[in-house]
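*Asks:* Based on what follows, work out the 3D shape:
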Amino acid sequence: MIETLGLIAGDGRFPAEIARAARARGARVLAVAFRGLSDPALVQEVDELHWLYLGEVEKLLCVFGEAGVRDLVMAGKVSKDHLYRERAELRPDRRALEILEALPDRRDDAILGALARALEAEGLVLHSQAELAPGLVAGVGVLGACSPSAAQLGDMAFGWPVAKAIGALDIGQTVVVEQGSVLAVEAMEGTDAAIRRGGRLGVGGACVVKVARPGQDLRFDLPAIGLGTLEAMVEAKASALAFEAGCSVILDRDELIARADVQQIALVGFAGPGPCPAGEAPGRREVPGQGEVSGAGGEG
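*Replies:* Alright, predicted model coming up:
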């Protein structure tokens with residue numbers, strides 16, 4: 001039982017969802033948010049909120065230390081492009097500069113891993129996002145009323161190993177695929193921007209594939225799908241989204257599904273191996289609660 005949870009809040013609605021889940025389980029939530037990045041509405045979901053600049057690592061540690069907080073969670077996106085902004089926007093302190101200077105590179109895993117070690121060195125325990133909000137984690141199957149067609153399943157099967165490959169290289173977690181071609185690969189710009197970029201290159205009907213990195217550290221940077229993702233897909237005229245079940249979170253689930261149904265966008269969770277490749281026998285996989293979803297060569 002966690003009495004007080006320290007929340008390090010990045011961008012988006014994920015921090016609020018984590019806070020809401022923690023408080024529902026009886027925990028008090030003390031959050032650190034970042035100026036110009038975190039959602040100000042977070043104040044409504046936590047018991048105490050402190051605003052810092054992104055580079056104020058020493059202050060962050062002091063906030064939690066003075067409050068006697070031992071248990072932490074990180075939630076919400078912090079894009080790496082912040083590292084390339086003027087230092088006046090970040091205000092990095094001595095501890096932040098030490099972390100950055102010791103990095104072998106600026107891959108996500110390297111940055112987040114270094115921050116995790118700095119927190120643990122202070123006796124803090126960094127918890128898994130999935131552990132604290134299991135209700136947000138997506139399962140296997142179709143969300144909503146739209147099942148994927150055979151053509152969509154073919155693009156999902158094509159894009160899945162590509163997404164896993166870029167994840168293994170710590171480039172990104174998302175690819176946009178249309179008719180057996182990769183239109184866009186996510187890099188530092190993030191999922192939504194990659195989806196929009198892919199949409200500009202295709203003719204319409206692309207599939208988005210979003211996966212966890214191989215060996216994903218469940219304490220941070222889980223793939224998250226929310227209303228912003230769906231909005232980007234609508235703008236890009238994308239028709240389907242494949243995500244990795246068991247390690248992806250769905251934000252604003254009911255509203256997301258309702259909007260996807262209106263737009264006739266298929267949302268499908270697959271286990272780690274992903275959709276069946278084209279031509280694989282027997283070509284059908286059961287989706288719990290939805291009967292069967294065909295493999296790439298079968299009926300949709």
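*Asks:* Shouldn't Val89 be within a helix?
*Replies:* Careful, residue 89 is Glu; it's not Val. Yes: assessed by DSSP: H, G, I helix; E, B strand; the rest coil, Glu89 belongs to a helix.
*Asks:* how close does it sit to Gly139?
*Replies:* Distance check for Glu89 against Gly139: by C-beta to C-beta, to the nearest Å, it reads 39 Å. Bear in mind the C-beta positions are built from the backbone N, C-alpha and C, glycine included.
*Asks:* so where's this protein uncertain?
*Replies:* Along the chain, segments meeting pLDDT under 70 span 82, 84-86, 277-300.
*Asks:* show me the contacts for Ala96.
*Replies:* Ala96 is in contact with Gly55, Glu56, Val57, Glu58, Leu90, counting by C-beta atoms under 8 Å, 6 or more residues apart in numbering.
*Asks:* Run a quick check on the last one versus Gly55, I expect a contact.
*Replies:* To tie it back to what came earlier, the one meant is Leu90. Yes: applying C-beta atoms under 8 Å, one finds Leu90 in contact with Gly55, separated by 3.9 Å.
*Asks:* any idea which helix or strand carries Phe243?
*Replies:* Under the criterion of DSSP states H and E, Phe243 resides in strand 240-244.
*Asks:* Relative to that strand, what are the paired strands and their orientations?
*Replies:* Strand 240-244 has these partner strands in its sheet, going by DSSP bridges: strand 207-210 (parallel), strand 266-270 (parallel).
*Asks:* following that strand, which helix or strand shows up next?
*Replies:* Strand 240-244 is succeeded, C-terminally, by strand 249-250 (DSSP H and E).
*Asks:* Pull the distance from that following strand to the chain's centre.
*Replies:* Distance of strand 249-250 from its chain centroid, counting by C-alpha atoms, centre = their mean, to the nearest Å, is 8 Å.
*Asks:* list the buried ones in the lengthiest helix in the chain?
*Replies:* In terms of residue count, the longest helix belonging to the chain (DSSP state H) is helix 150-168. By 16 or more other C-beta atoms under 10 Å, the buried positions in helix 150-168 come out as 151-160, 163-164, 166-167.
*Asks:* of those, closest to Ile265?
*Replies:* For these, the minimum distance to Ile265 (C-beta to C-beta) is 10.1 Å, reached by Gln152.
*Asks:* Quick check: that closest one vs Leu136, distance?
*Replies:* 25 Å.
*Asks:* Dihedrals phi and psi, Phe34?
*Replies:* In terms of degrees, to the nearest 10, the main-chain angles of Phe34 are phi -120, psi 130.
*Asks:* residues near it, how many?
*Replies:* For Phe34, the neighbour count with other C-beta atoms under 10 Å is 21.
*Asks:* Many thanks, I have nothing further to ask.
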